[in-house]
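**Student:** Sequence first, then the predicted structure, then my questions.
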Amino acid sequence: MDELVADVIIVGFGAAGACAALEAADAGADVILVERFAGGGASAVSGGVVYAGGGTAQQLDAGVDDSVDAMHAYLRLEAGDVVSEATLRRFCEGSREMITWLEGNGVPFEGSLCPYKTSYPSDAHYLYYSGSEAAGGFRDAAKPAPRGHRVKGPGTSGKMLMTRLEEAVRKREIRVLPQTNARTLIQEDGRVTGLVADTLRDAPAGVRARHQRLSRYSAKPGIYMPSLRKLLHRRVERLERAHGRELRITARRGVVLAAGGFIANREMVRAHAPAYRGGLPLGTSADDGSGIRLGVEAGAATGELGRISAWRFVTPPSAFLGGIIVDAGGRRVIDEARYGAAVGEKLIEGHEGKGWLLVDAPIVAEARRDTKAQSQWFQGLQLRYLLRRGRVTGATVEEVARKAGVDPQGLRASVEAYHGAEDPMGKPTEFARRLDNPPFSLIDISVRPNLGYPTPMLTLGGLVVDEDTGAVRSAAGEPIPGLYAAGRTAVGICSRSYVSGLSLADCVFSGRRAGINSALAQGVLDKNENVF
């Protein structure tokens, strides 16, 4: 069995792992990054949005007036008590510096403000309202401001984020072990002192190339085609079993688990959130709960494992905000200006996943007109599906309801209430529209397996950590010496409620926290000792 030694071992080379590695190295630690595939993780296939505010340079460039207090007040409504008041305040107060730190590591941002409300902007805009800030019930509690800082890059820019973070890791000369799968943690007298992994680093070059190619295609386009992902991942696993070699890595100071969530683990999803099985797993095959499993085997406590974010966006186009979302009984579901994960949760938890968007002819015409200007390519394809296969029309509200299988009287009552002086769901007047121009359309936005209009999902819970240090806590509530966690392997800022950019922001926040604290921890070995 081969052996290596470092001050800090980090498991997972996504955004959280990269940020942990950078901070640990800058604190003087000798770092090894262990990555099952080639790096990037779910962060690389994400939209590359980082939630930040309080007066960032990008907000100032766009003429946006924001404050730490306003950001804190909004996030307190979203996050609830999943983290302490002190931790949330520290996150908000450090928000501007977080963006500056990322820029210092080569990550580009820009203050081009999106002028319309959307789930994700076109390549013309990189700052936008990425949550429910402007929706009813939130704008009264906290002054709304756009805080979605999208990394500047074409398309879904998570790839640009990780490209730049990977470059920063290489510049630090941090050791990276790709194609290495962490199998178990090593503990001595209750302290985590390293891990045992299976690695392909000594496998034939052809095997390593094939493993990399299969894992890359499994991530994309496999993310959109679950059956293809499963097929490719089975081949990946066969290569790992046939050619993997055992490797032992000793950590002088600590191990950081940053291996993502568990959305790719159907058994864990079924056990903790059975209602959330009809979505598109947002992540890679490595989001299988392995980091959480490693922590639990070492005695760690878990939290919020039942929390899954399910995205049901009706924008772009922004015109659809003027419609109303109803269930099979024709009853309103939610303020349509809310973030898509709030819509998804309402549909799943309260309406068996079934929902329809009612719009009239002018809204449909406006949606078609604005599609190209407001959409990324995949959003345009989804809108095409919704307006064709996902839509029924009728000359009256009652007729379209009967065609869709929605209760006609219930739908009529919802429309009349919506046309009243004040929207019962609290939707701001700037988004409300009268629905009185036929033909009327009911667009099916139900949550179910659907390649034309999928429901992306990611897990939010994980290992319970000390909020000051990132150290993993045991079932008894005590820190496990030598063990830290970050990103979606850990409970964090977004573990109760997710809005775009909050997970990546938490990856940066928690990754940096775990990295620096693991580097500064007093280890079991002096840095100059030889373990061989």
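**Tutor:** Arrived safely, thanks for sending. Numbers count the residues shown, from 1 in each chain.
**Student:** contacts and neighbour counts: CA atoms only from here.
**Tutor:** Will do.
**Student:** Run through the stretch 401-532 of the chain and note the low-pLDDT ranges.
**Tutor:** 523-532 (pLDDT under 70).
**Student:** That one: strands as residue ranges?
**Tutor:** 440-444, 456-459, 462-463, 471-473, 479-485 (DSSP state E, counting those that start in this stretch).
**Student:** What residues of the second one count as buried?
**Tutor:** Read it as strand 456-459. 456-459 (16 or more other Cα atoms under 10 Å).
**Student:** Let me see the backbone angles for the closest residue in space to residue 157 that isn't next to it in sequence.
**Tutor:** Among residues not flanking residue 157 along the chain, residue 48 sits closest, at 4.6 Å (Cα to Cα, 6 or more residues apart in numbering). Dihedral angles of residue 48 (phi, psi; degrees, to the nearest 10) stand at phi 70, psi 30.
**Student:** Of the strands of the stretch 401-532 of the chain, which is nearest residue 268?
**Tutor:** Shortest distance between residue 268 and those, using Cα to Cα, is found for strand 456-459: 10.3 Å.
**Student:** and that closest one, what does it pack onto?
**Tutor:** strand 280-281, strand 308-310 (3 or more Cα pairs under 8 Å, 6 or more residues apart in numbering; DSSP states H and E).
**Student:** Repeat the analysis, applying 10 Å as the threshold.
**Tutor:** strand 280-281, strand 308-310, helix 340-351 (3 or more Cα pairs under 10 Å, 6 or more residues apart in numbering; DSSP states H and E).
**Student:** Could you dump the ones you listed into a markdown table and include mean neighbour count and distance to residue 389?
**Tutor:** Shown next, in a markdown table, are the helices and strands packed on strand 456-459 (neighbours: other Cα atoms under 10 Å; distance: least, Cα to Cα, whole Å):
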| stretch | mean neighbour count | distance to residue 389 |
| --- | --- | --- |
| strand 280-281 | 25 | 19 |
| strand 308-310 | 26 | 22 |
| helix 340-351 | 21 | 20 |
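**Student:** Make JSON lines out of those and add distance to residue 288 and mean pLDDT.
**Tutor:** Below are the helices and strands packed on strand 456-459 laid out as JSON lines (distance: least, Cα to Cα, whole Å; pLDDT from 0 to 100):
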{"stretch": "strand 280-281", "distance to residue 288": "10", "mean pLDDT": "90"}
{"stretch": "strand 308-310", "distance to residue 288": "14", "mean pLDDT": "96"}
{"stretch": "helix 340-351", "distance to residue 288": "21", "mean pLDDT": "95"}
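**Student:** what's the closest of these to residue 141?
**Tutor:** Closest among the helices and strands packed on strand 456-459, using Cα to Cα: helix 340-351, at 17.6 Å.
**Student:** ok, back up a step: can you name the two of the buried residues of strand 456-459 that are farthest apart?
**Tutor:** Top of the distance list for the buried residues of strand 456-459 (Cα to Cα): 456 and 459, 10.6 Å.
**Student:** What ranges does the stretch 1-150 of the chain have for its helices?
**Tutor:** 15-26, 41-44, 57-61, 68-79, 85-93, 95-104 (DSSP state H, counting those that start in this stretch).
**Student:** out of the buried residues of strand 456-459, who's nearest residue 469?
**Tutor:** Looking across the buried residues of strand 456-459 and measuring by Cα to Cα, the closest to residue 469 is residue 459, at 22.5 Å.
**Student:** Check what contacts the helix or strand bottoming out on mean pLDDT in the chain and list those residues.
**Tutor:** When each helix and strand of the chain is scored by mean pLDDT, DSSP states H and E, strand 280-281 comes last, with a mean of 90. The contact list for strand 280-281 (Cα atoms under 10 Å, 6 or more residues apart in numbering) reads 223-226, 262-266, 287, 310-311, 448-451, 453-459.
**Student:** Need the buried ones from those residues selected in PyMOL.
**Tutor:** Burial among the contacts of strand 280-281 is assessed by 16+ other Cα under 10 Å; the matching PyMOL selection reads:
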select buried, resi 223+224+226+262+263+264+265+287+310+311+448+453+454+455+456+457+458+459
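**Student:** one step back: please enumerate the shared neighbours of residue 456 and residue 459.
**Tutor:** 281-283, 309-310.
**Student:** Among these, which one sits closest to residue 519?
**Tutor:** So of those, ranked by how close each gets to residue 519 (Cα to Cα), first place is residue 283, at 28.2 Å.
**Student:** related to what we said a few turns ago, pull up the pairing partners for the least confident helix or strand of the chain, direction included.
**Tutor:** Paired with strand 280-281 in the same sheet, following DSSP bridges, are strand 456-459 (parallel).
**Student:** Send me the strand it pairs with as PDB with only the CA atoms.
**Tutor:** Extracted in PDB, the C-alpha atoms of strand 456-459 (Å, rounded to 0.1, in the frame of the first residue of the first chain):
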ATOM      1  CA  PRO A 456     -33.500  20.200 -11.100                       C
ATOM      2  CA  MET A 457     -33.000  19.200  -7.400                       C
ATOM      3  CA  LEU A 458     -30.100  19.300  -5.000                       C
ATOM      4  CA  THR A 459     -29.700  18.300  -1.400                       C
END
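**Student:** ok, back up a step: buried deepest among the strands of the stretch 401-532 of the chain, which one?
**Tutor:** Mean neighbour count (mean count of other Cα atoms under 10 Å) peaks for strand 462-463 among the strands of the stretch 401-532 of the chain, with a mean of 32.
**Student:** Appreciated, that's everything.
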